[in-house]
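> sequence first, then the predicted structure, then my questions.
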Amino acid sequence: MRRRRAALVLTAFTFIAAAMLPAAANGQHEMPPSGPGFLEGPGEWGKLELVSKAIVTDQDDLVADVALDPSHDYAYLANWSDATCAENSEAGGQNAPDAGIWIIDISDLENPVEVGFIPHSQDSRPGEGMQALEVDTKFFSGTMLVSNNEQCGPQGKGGVSLWDVSNPLKPKKLSEHFGDRGFADFNDIHSAFAWDAGDHAYVVMTDNIDPLTDVDILDITNPHRPRLIAELDLNEFDVMQEDLGLTESFLHDMVVKQIDGHWIMLLSYWDGGWVLLNVDDPANPEFIADSDYPAVDPELADLANTMVPDESRTLTPEGNAHQAEFTMDNQFIIGTDEDFAPYRTGDFQITTGPNAGSYPSVIVSGGGAPAMLEDLTLSGPVVYGGYGCPDSAPIPSPEDIPGYLDMLQAGDETIIVLQRGPEGDPSAPEEACFPGEKAHEAALAGWDAVVFVNRHLAADPNDPANAVAYCGAGAFVDDIVAVCTTHEAFHNMFGLPIPASYTYPEDIDIGQIGERIMVDSIFDGWGYVSLLNPDTMELIDTFAIPEAHDPAFAFGFGDLTVHEVAVDPQDPSLAYLAYYAGGLRVIQIQCPAGTPYDPDNPPADLSTCELVEVGGYLDPAGNDFWGVETFVGDDGRTYILGSDRDSGLWIFRDP
């Protein structure tokens, strides 16, 4: 969510001399200014030096992941497209076609050049699941590019796509949209990771649609005929910590690495933490271990001398295990918790009527928190708006509801209630859509805020696991408050009976006024980095930039959560973080603080290890880094690729 740029420099860098300027770099196009609402940085500092950049667009939020060709001569950038997968070439961007993959020649690291583009099929886009690797089987030998597919329009298709990029200037399609088949086509996937195990090659991917078996493994030995060989639900291994309220437990990202002769899969399972599987036999993975979040958020608990309110220091962790890597020597795991909401919601409170009470509440990912409101609190009477998709029954405006505006009190917002879905509702045959698309329809109709409610099919009152506040995520284009609560709360807001089992239809009309509600805000900071011991899966330390724990930076400075991590291929103590508007950061494992981790002289007690920032880059005009990759250049130095969402590829090195 982007807001007006504030004329304030990055406070974490006040120690940096004013004379420190960003390194000169060459690129194809003039560097466009960043969008509004970013931290303004000092350029490079510490163990990071800017080499060059390839600017491929000036459209905000167009670039997603970056992948590195095994030759190190080419990089691949995901063109995420806009929220609705609309044509981008007329949106003012340079070289901004529909979603697909830019090909960048980086053989001259000081002069990267855009040399090609691989278009994705209509209404389908790549994002986080992009990777290039060497594959050598009896059916294929060469360089393979793997990309995910998420639908963002009516013609969209899911699944994984495989490309032969042995000659990156002439990519050849091997297969498209393979995966786990849903009701009509292959399900959306958010990420994918492939590995060559010798005679066979495989890819593991998320399944956005089926939360019960969301770990899907394909045999891609013959890339023209991928085969689904395994489907897993890691919640069967009791990875969820419901006692901490961590109930959104699903696959987000994963890597596979051969360690001590075994193929080990490291999965980032959101609220379920990080999970290790043995995939020597990918058709029959074996559970090894998983991590647990502590009872109190470790980042907040240790911040006695910051702006964090006292009430925040005893909060439970939010989970959000997003992505992770093993260090070069496999002695540590570095994981990223992605959290776009520096404030969590308080309870969802129905404040009037016979069903007054408190219910679970979360911010819908990508939407606004009640904290963006002047009084940090969402309050007012609610109105039912149906499903709210572009093809659903229209959402009425607040003025269309007789007597509604007269009910508003000082500090109230106009609030529309929209259901997740539709799915399985005979009265609503249209396709389901992203919550951001629903919120856009609500904003166009003039509403201040949206309360989303979990879908009807997930609302079995006899199964507590289904009584959760989860309403999907993504595709937001408006600055609008968007909170989610349970289906039970939906019934109670409008005085609907709670049946023994939820069955369609529900006796409610669009435009019906419900009870008053209130959702307040609690500051809990942005997402952070975790250091784990892979032998025990115990948490060793956490790291976040200082602005992540200052309420003054909650709004107006871009997203200050960490996104992805890449480890140094030569130094097991170093890792690089794509930190969205926080720039690109370099962290070092020190055991104890002040002493870089040395594999030849490992500490007797890993609990003495800490994550310490030792460098970084943040452009004076701001950055928005999504992906990060590392490699060793011909000169023996470590190089780092970062994908900036608003511009393109940035190349750095360890000075």
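Yep, it's here.
> so where's the stretch 101-250 of the chain shaky on pLDDT?
181-185, 210-212 (pLDDT under 70).
> next, give phi and psi for residue 243.
phi -70, psi -20 (degrees, to the nearest 10).
> what number of residues lie near it?
Other residues lying near residue 243 total 8 when counted by other Cβ atoms under 10 Å. Every C-beta, even on glycine, is put in place using the N, C-alpha and C of the backbone.
> ok, the one 10 residues further on next?
Other residues near residue 253 number 24, with proximity taken as other Cβ under 10 Å.
> over to it: give its phi and psi.
phi -150, psi 170.
> so for it, what's the pLDDT?
Looking at residue 253, its pLDDT is 96.
> quick check: it touching residue 128?
Yes - using Cβ atoms under 8 Å, residue 253 is in contact with residue 128, at 6.6 Å.
> what's the neighbour count on residue 370?
26.
> what's the closest non-adjacent residue to it?
residue 378 (4.1 Å; Cβ to Cβ, 6 or more residues apart in numbering).
> circling back to that earlier point, residues shared between the contacts of residue 253 and residue 128?
190-191, 323 (Cβ atoms under 8 Å, 6 or more residues apart in numbering).
> can I get the residues you listed in a markdown table with secondary structure, neighbour count and distance to residue 43?
Formatted as a markdown table, the shared contacts of residue 253 and residue 128 follow (DSSP: H, G, I helix; E, B strand; the rest coil; neighbours: other Cβ atoms under 10 Å; distance: Cβ to Cβ, whole Å):
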| residue | secondary structure | neighbour count | distance to residue 43 |
| --- | --- | --- | --- |
| 190 | coil | 22 | 33 |
| 191 | coil | 24 | 32 |
| 323 | strand | 26 | 26 |
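> ok, now which ones touch the residue nearest to residue 370?
Counted by Cβ under 8 Å, 6+ apart, residue 378 has contacts 370, 413, 415, 449, 481, 483, 517-520.
> 10 Å - rerun?
345-346, 348, 361, 368-372, 411-413, 415, 448-451, 481-483, 517-521 (Cβ atoms under 10 Å, 6 or more residues apart in numbering).
> which strand residues bridge it?
residue 519 (DSSP bridges).
> what about it, distance to residue 489?
Separation of residue 378 from residue 489 (Cβ to Cβ, to the nearest Å): 14 Å.
> joint contacts of those two?
With Cβ under 10 Å, 6+ apart as the test, residue 378 and residue 489 both reach 348, 361, 451, 517.
> most neighbours, which of those residues?
residue 451 leads the shared contacts of residue 378 and residue 489 on contacts (other Cβ under 10 Å) with 28 neighbours.
> so where's this protein shaky on pLDDT?
Scanning the chain for pLDDT under 70 picks out the ranges 1-37, 82-97, 181-185, 210-212, 303-308, 456-467, 500-505.
> what about the residue lying closest to residue 382 once chain neighbours are set aside, which helix or strand?
Excluding the flanking residues, the one nearest residue 382 by Cβ to Cβ, 6+ apart is residue 514, at 4.4 Å. Using DSSP states H and E, residue 514 maps to strand 513-519.
> isn't residue 155 up against residue 121?
Yes - in this structure, residue 155 is within contact of residue 121 by Cβ atoms under 10 Å, at 7.7 Å.
> which one of these two has more residues nearby?
More crowded of residue 155 and residue 121, by other Cβ under 10 Å: residue 121, with 16 against 11.
> assign that one to helix, strand or coil.
Three-state call for residue 121 (DSSP: H, G, I helix; E, B strand; the rest coil): coil.
> doesn't residue 100 make contact with it?
Yes - Residue 121 lies in contact with residue 100 (Cβ under 10 Å); the separation is 9.2 Å.
> if we can go back for a sec, let's have the shared contacts of residue 253 and residue 128 in CSV, adding distance to residue 300.
Output for these, formatted as CSV (distance: Cβ to Cβ, whole Å):
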residue, distance to residue 300
190, 28
191, 28
323, 22
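> residue 575: which of these is nearest?
residue 323 (11.8 Å; Cβ to Cβ).
> so what's the closest residue to that closest one other than its chain neighbours up against?
The shortest distance from residue 323 to any non-neighbouring residue, by Cβ to Cβ, 6+ apart, is to residue 253 (4.3 Å). By Cβ under 10 Å, 6+ apart, residue 253 lies in contact with 128-129, 190-193, 206, 266-270, 321-324, 335-336, 338, 564.
> bridge partners for residue 253, pull those for me.
With DSSP bridges as the rule, residue 253 is bridged to residue 268.
> hang on, the earlier thing: dump the residue contacts of the residue nearest to residue 382.
Residue 514 touches 350, 352-353, 355, 381-384, 415, 417, 451, 490, 492-496, 508, counting by Cβ under 10 Å, 6+ apart.
> from residue 491, how far off is it?
In terms of Cβ to Cβ, residue 514 sits 10 Å off from residue 491.
> for residue 521, same thing?
From residue 521 to residue 491 the distance is 25 Å (Cβ to Cβ).
> domain ranges for this structure?
For the chain, the structural domains run 11-342+524-653, 343-523, going by automatic domain parsing.
> quick one: end-to-end length of the last one, please.
Just to be clear, that refers to domain 343-523. Length of domain 343-523, first residue to last, Cα to Cα, to the nearest Å: 4 Å.
> start the count at 25, not 1, going forward
Sure, I'll start numbering at 25, so the last one becomes domain 367-547.
> pull out the buried positions in stretch 304-311.
Residues of stretch 304-311 classed as buried: 306, 309 (neighbour count, 16 or more other Cβ atoms under 10 Å).
> so which residues make contact with it?
219, 221, 224-228, 239, 241-243, 251-254, 256, 258, 260-263, 280, 282, 285-289, 291, 299-303.
> so how far is that stretch off the chain centroid?
With Cα atoms, centre = their mean, to the nearest Å as the basis, stretch 304-311 stands 27 Å off its chain's centre.
> do stretch 179-197 as well
23 Å.
> can you check stretch 149-160 too?
17 Å.
> just the C-alphas of that stretch, formatted as PDB.
Extracted in PDB, the C-alpha atoms of stretch 149-160 (Å, rounded to 0.1, in the frame of the first residue of the first chain):
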ATOM      1  CA  ARG A 149       1.200 -14.200 -14.400                       C
ATOM      2  CA  PRO A 150       4.500 -15.300 -12.700                       C
ATOM      3  CA  GLY A 151       5.400 -14.000  -9.300                       C
ATOM      4  CA  GLU A 152       7.600 -15.600  -6.700                       C
ATOM      5  CA  GLY A 153       8.000 -19.100  -8.200                       C
ATOM      6  CA  MET A 154      10.800 -18.400 -10.800                       C
ATOM      7  CA  GLN A 155      14.000 -20.400 -11.000                       C
ATOM      8  CA  ALA A 156      16.600 -21.400 -13.600                       C
ATOM      9  CA  LEU A 157      18.600 -24.600 -13.300                       C
ATOM     10  CA  GLU A 158      20.500 -27.300 -15.200                       C
ATOM     11  CA  VAL A 159      18.600 -30.500 -15.800                       C
ATOM     12  CA  ASP A 160      20.100 -33.600 -17.300                       C
END
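> turn the buried ones among the contacts of stretch 304-311 into a named ChimeraX selection, would you?
Per 16+ other Cβ under 10 Å, the buried members of those correspond to this ChimeraX selection:
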select :219,221,224,225,226,227,228,239,241,242,243,252,254,256,258,261,263,280,287,288,289,291,299,300,301,302,303
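> now, the contacts of stretch 304-311 that are in strands?
Within the contacts of stretch 304-311, residues falling in strands by DSSP state E are 219, 225-228, 239, 241-243, 251-254, 256, 280, 282, 286-289, 291, 299-302.
> and the top helix by length along the chain, what does it pack onto?
Longest helix in the chain by number of residues (criterion: DSSP state H): helix 459-469. Judged by 3 or more Cβ pairs under 10 Å, 6 or more residues apart in numbering; DSSP states H and E, the packing partners of helix 459-469 are strand 439-443, strand 473-477, strand 505-509.
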